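Visitor: This is the structure alone, sequence omitted:
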Ligand SMILES: Nc1ncnc2c1ncn2[C@@H]1O[C@H](COP(=O)(O)OP(=O)(O)OP(=O)(O)O)[C@@H](O)[C@H]1O
Ligand SMILES: O=C(O)[C@H](O)COP(=O)(O)O
């Protein structure tokens, strides 16, 4: 992949695809990790006299304008971190975007509105995506791919635009790939992957492949309930991917055949409702009441997972073990994070919320070998898949 040093950016308009998908509470950014991670590449371009046009997505507005997902608060925070104004375009490729980028001087920065307000960004139809990509590419002369957390998405800004403009990988993408490559090239064993979080349907797909690579797979968070249900247990109102139960039964069989230790929760915190102050009890994972939802792994599971991590030599963790945003349901995530901090294995945490959880729980960031900005992206990289956003950056 070409890097920033291979592009002559002075006086030229450079479109940077960043991953600025940060957690928000209203308009308040609750963790700015991904914005911070995007700063070095943007700063390098500023220092080299480029006119920098940043584009990114936030949440999943599904091709419609929804101010709840506006990137405006992100533009303000990016400006604070860069120490200079960031002009904000109120649309993606419309009049506001065009006039904003045309008014940029050398060393100035603009941020476009949420790419996912445009249906073309995520369209499965190549022609529709291509048409939007041409409009986006028309805003700049050069392209830098630096949104590592989104490189697994075949989206216009990730995959199609680099075909239309001279391009390079930004520093974040180069650094992330450097670390994750270590996990794909003969990792020291035992190699343990811990999976949780809420993007269950997205991430179940990676398991088939991971089962050929790891020694142990620990499954918690919202991911666990589809496994418990597949084993025939009641999961109440817990997060469930009902249409993937057969696939998950297949994973359970495959793990047994391959001798992979697939470890599920033995107890959970079952809550009456999804709320920070929800009444809840510790119940066996095999006996979740029908009117309850599992919002965290229980104390026995925390111990079990910690014991499965104790002798690991390589660990990759994506997805919180519970709804860590609510203090009452953050204990499982804390237990796994602490087990990793205590371990002398090569430990990588990946994902927007997983990294945010480490910071929210005030765990030492240097207690991990690497904190990746990519969750789904890292997992798919570890699967050994060709990722659209990386393939597009190759020469
Ligand atoms: N049992 C559960 N029920 C519901 N939501 C859960 C549960 N456990 C965890 N979560 C939620 O999962 C979310 C994070 O999941 P997600 O898969 O997006 O992880 P991530 O680290 O952000 O990865 P990525 O970068 O791929 O998005 C958190 O907001 C957390 O509250
Ligand atoms: O949070 C992430 O993993 C990335 O920003 C990609 O977001 P997505 O899963 O909505 O495509």
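Guide: Good, I have the coordinates. Quick caveat: nothing in here was measured; it's all calculated off a predicted structure. Ligands and ions are numbered 1, 2, ... in the order given.
Visitor: And stretch 313-323, how far out from the chain middle?
Guide: 12 Å (Cα atoms, centre = their mean, to the nearest Å).
Visitor: ok, the residue in the chain positioned nearest to ligand 2 - contacts?
Guide: Per Cβ to the nearest ligand atom, residue 21 is where the chain lies closest to ligand 2, at 3.4 Å. All C-beta atoms are positioned from the backbone trio N, CA, C, and that covers glycine. If you count contacts by Cβ atoms under 8 Å, 6 or more residues apart in numbering, residue 21 has them with 34, 56-59, 149-150, 352.
Visitor: ok, now residue 244?
Guide: 200-201, 204, 226.
Visitor: Quick check, residue 194 in contact with residue 312.
Guide: No. Residue 194 sits out of contact with residue 312 when judged by Cβ atoms under 8 Å, with a separation of 9.6 Å.
Visitor: Tell me which of these two has more neighbours.
Guide: Neighbour totals were compared for residue 194 and residue 312, and residue 194 leads with 28 against 24 (other Cβ atoms under 10 Å).
Visitor: Confirm that residue 168 lies within a strand, as I assumed.
Guide: Yes. Under DSSP: H, G, I helix; E, B strand; the rest coil, residue 168 sits within a strand.
Visitor: Name whatever forms a beta bridge with it.
Guide: residue 144 (DSSP bridges).
Visitor: and it, how many neighbours?
Guide: 24.
Visitor: any idea of the pLDDT on it?
Guide: Residue 168 carries a pLDDT score of 98 in this model.
Visitor: That one touches residue 6, doesn't it?
Guide: Yes. With contact defined as Cβ under 8 Å, residue 168 counts as touching residue 6 (5.5 Å).
Visitor: ok, and the closest non-adjacent residue to residue 118?
Guide: residue 92 (5.0 Å; Cβ to Cβ, 6 or more residues apart in numbering).
Visitor: Could you check how far that neighbour is from residue 176?
Guide: Separation of residue 92 from residue 176 (Cβ to Cβ, to the nearest Å) stands at 25 Å.
Visitor: What residue in the stretch 151-300 of the chain comes nearest to ligand 1?
Guide: Nearest to ligand 1, among the residues of the stretch 151-300 of the chain, is residue 197, at 2.6 Å (Cβ to the nearest ligand atom).
Visitor: which residues does the nearest residue to that residue once chain neighbours are set aside contact?
Guide: Excluding its sequence neighbours, the residue lying closest to residue 197 (Cβ to Cβ, 6+ apart) is residue 319, at 2.6 Å. When contacts are counted by Cβ under 8 Å, 6+ apart, residue 319 touches 194-199, 203, 220-223, 351, 353-354, 375.
Visitor: Turn the buried ones among those into a named PyMOL selection, would you?
Guide: Buried residues among the contacts of residue 319 (16 or more other Cβ atoms under 10 Å), as a PyMOL selection:
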select buried, resi 194+195+196+197+199+203+220+221+222+223+351+353+354+375
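Visitor: List the ones among the contacts of residue 319 that fall in strands.
Guide: Using DSSP state E, 194-195 are the members of the contacts of residue 319 that sit in strands.
Visitor: My read is that the residue of the stretch 151-300 of the chain closest to ligand 1 contacts residue 350, right?
Guide: No. Counting by Cβ under 8 Å, residue 197 stays clear of residue 350, with 10.4 Å between them.
Visitor: Overlap in contacts, those two.
Guide: In contact with both residue 197 and residue 350: 318, 375, using Cβ under 8 Å, 6+ apart.
Visitor: Counting neighbours, what do you get for residue 355?
Guide: The burial count for residue 355: 24, using other Cβ under 10 Å.
Visitor: what about the strands in the stretch 201-350 of the chain?
Guide: If DSSP state E, counting those that start in this stretch is used as the criterion, the strands of the stretch 201-350 of the chain fall at 216-219, 261-263, 267-271, 280-284, 293-297, 314-318, 346-350.
Visitor: Name the nearest of the contacts of residue 319 relative to residue 285.
Guide: residue 220 (10.1 Å; Cβ to Cβ).
Visitor: Next up, phi/psi of that closest one, please.
Guide: Per-residue torsions, residue 220: phi -130, psi -150 (degrees, to the nearest 10).
Visitor: what's the closest residue to it other than its chain neighbours sitting at in phi/psi?
Guide: Nearest-residue entry for residue 220: residue 321, 4.0 Å, with adjacent residues in sequence omitted and distances by Cβ to Cβ, 6+ apart. Reported as degrees, to the nearest 10, the phi and psi values for residue 321 are phi -80, psi -10.
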